[in-house]
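K.L.:
pasting the sequence and the predicted model now:
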Amino acid sequence: MLNYIWLFLIAIALIVGVGKDINDEFQNTYQNGVPLEVAFLSPQILSGTAMRWEGQFYLTAKQFNDFYKTTSQIEEVNQPVVISLSSDGTGSFIFSSTEVTPTRWKEMSKSASAKGTLMGKVEKIEFSENKSLGKAKIIFEPIRFVKLKAITQAAIDFANTAVEIAIGLIGVMALWLGLIKVAEEAGLVKVLTRLLTPITKRLFPDVPSDHPAIGAIIMNTAANMLGLSNAATPMGLKAMEELNKLNPKTGTATNAMVTFLAINTGGLILIPATAIAVRAASGSANPGIIIGTAIFGAGCATVTGVIASKILQRLPRYKNKLNEEEKLAEEKGND
């Protein structure tokens, strides 16, 4: 089901993105092919030749907003730029997106042929007598499918992030999985089972204290308390498998199953190792700062889940239904 949900969300994103791109094309949002008149300030010759100049494109806020049909809150545009000229005064320009670049141009640069850089053609520049000021008409390279490119780039970027985070988790997961396996082989599970028998008897009165399900539940809970959700999954499945052996009607959740699921979903935790590892892999300055809030939040969720499961077990509606199912299972067994 989750795969279908993800597929649906991806399809919706693509449809919306393509729709917006088609609308941009019809509206010519990025003014493809339309010349923009700009002032060229403070030109300086580069590389010892008069064919390559460095300076600034200057536009007033009104010029910029009128051209792109926007209402952006800017005072003026002073964009550093490099212009290459031919002998007839025409040429090309190029500039990189910086802090002073208007938002519209930053958005366009993300979908440009060279990411983060905008370029285009320059019609003939006319300089003032002292050559400190020039005027020219520029035409940006065509910008199309901005939203679709953004969706594609986001998918690639987050895929890379997922790989980086996964690699960063290998060491932590290997450590704790190894410790849990050592504890199991050393008999620590049995010791924990005996120590926690008073608690497990109250939480799972229908399950014998020496049943394998209790050991699996304890190991699952211990892994969750250490924040090892991936390591807890196999033991959680094992616990449900063992609890199902005590189930009078296979396929229907028993009280013990519901209680265990409430504990598992609540995520009772002492050391959120996985979350800490993810924060550390993502460059957090203080990855362990979440420990206190994680313990409090997970504790509240677990207590609430267990209380809810115990209350619902005692309601006549669920209690009677369970008794009827048990009777049917007994009758079926007698037959």
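P.N.:
Nice, I can see it.
K.L.:
I'd like to know how far Ala39 sits from Arg52.
P.N.:
19 Å (CB to CB, to the nearest Å). C-beta here means a position set from N, CA and C on the backbone, and glycine is covered the same way.
K.L.:
packing partners for the lengthiest helix in the chain?
P.N.:
In the chain, ranked by residue count with DSSP state H as the criterion, the top helix is helix 146-185. Here helix 146-185 touches helix 2-27, helix 103-110, helix 212-225, helix 229-245, helix 273-281, going by 3 or more CB pairs under 8 Å, 6 or more residues apart in numbering; DSSP states H and E.
K.L.:
for stretch 104-118, buried residues please.
P.N.:
Neighbour-count burial for stretch 104-118 flags 104-105, 107-109, 111-112, 118 (criterion: 16 or more other CB atoms under 10 Å).
K.L.:
ok, so of these, who is nearest Asp157?
P.N.:
Comparing these against Asp157 with CB to CB picks out Ser111 as the nearest, at 14.5 Å.
K.L.:
quick check: that closest one touching Glu141?
P.N.:
No. Ser111 lies out of contact with Glu141 (CB atoms under 8 Å); the separation is 10.0 Å.
K.L.:
so where's the stretch 101-250 of the chain uncertain?
P.N.:
130-131, 168-169, 172-173, 175-177, 179-180, 189, 193, 226-231 (pLDDT under 70).
K.L.:
just the angle between the next helix or strand along the chain from the longest helix of the chain and helix 229-245, please?
P.N.:
Sequence-wise, the next helix or strand downstream of helix 146-185 (DSSP states H and E) is helix 188-195. Interaxial angle of helix 188-195 relative to helix 229-245 (axes from the mean of the first three to the mean of the last three CA atoms, to 10 degrees): 60 degrees.
K.L.:
mind checking how far helix 188-195 is from the chain centre?
P.N.:
In terms of CA atoms, centre = their mean, to the nearest Å, the centre of helix 188-195 is found 39 Å from the chain centre.
K.L.:
again, but for stretch 34-43
P.N.:
41 Å.
K.L.:
reformat the helices and strands packed on helix 146-185 as JSON lines; add distance to Ile74.
P.N.:
Formatted as JSON lines, the helices and strands packed on helix 146-185 follow (distance: least, CB to CB, whole Å):
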{"stretch": "helix 2-27", "distance to Ile74": "21"}
{"stretch": "helix 103-110", "distance to Ile74": "8"}
{"stretch": "helix 212-225", "distance to Ile74": "52"}
{"stretch": "helix 229-245", "distance to Ile74": "47"}
{"stretch": "helix 273-281", "distance to Ile74": "37"}
